[in-house]
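Chemist: no sequence on this one, just coordinates:
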């Protein structure tokens, strides 16, 4: 049963706790991106590049945290 919690974090070279923190950080950023995208849909002049910037930030974080 414990392997269910630890196999994936180990496969990406993270501890369970570090994986949790990183996933929560991404969850927060995706939430903000979603809110900004919703506002942008109504007001196209607002948050023109913010969603792209958040996605790029997350992509960079994934590159930094990947196994070598």
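Modeler: Nice, I can see it. All values reported here derive from a predicted model rather than from experimental measurement. Residues are numbered from 1 along each chain as shown.
Chemist: is it true that residue 33 touches residue 52?
Modeler: No: using CB atoms under 8 Å, residue 33 makes no contact with residue 52, being 9.2 Å away. For every residue, glycine as well, the C-beta is placed using N, CA and C.
Chemist: Looking at these two now, which is surrounded by more residues?
Modeler: The neighbour comparison of residue 33 against residue 52 (other CB atoms under 10 Å) goes to residue 33, with 19 against 11.
Chemist: If we ignore the residues flanking it in sequence, what's nearest residue 9?
Modeler: residue 19 (3.7 Å; CB to CB, 6 or more residues apart in numbering).
Chemist: er, residue 18 I mean
Modeler: For residue 18, ignoring the flanking residues on the chain, the nearest one in space by CB to CB, 6+ apart is residue 9 at 7.2 Å.
Chemist: that older thread, the residue nearest to residue 9 and residue 6: what is the separation?
Modeler: Distance, residue 19 to residue 6, by CB to CB, to the nearest Å: 9 Å.
Chemist: which of the two has more neighbours?
Modeler: The residue with more neighbours, out of residue 19 and residue 6, is residue 19; 19 against 12, by other CB under 10 Å.
Chemist: secondary structure element for that one?
Modeler: Under the criterion of DSSP states H and E, residue 19 resides in helix 16-42.
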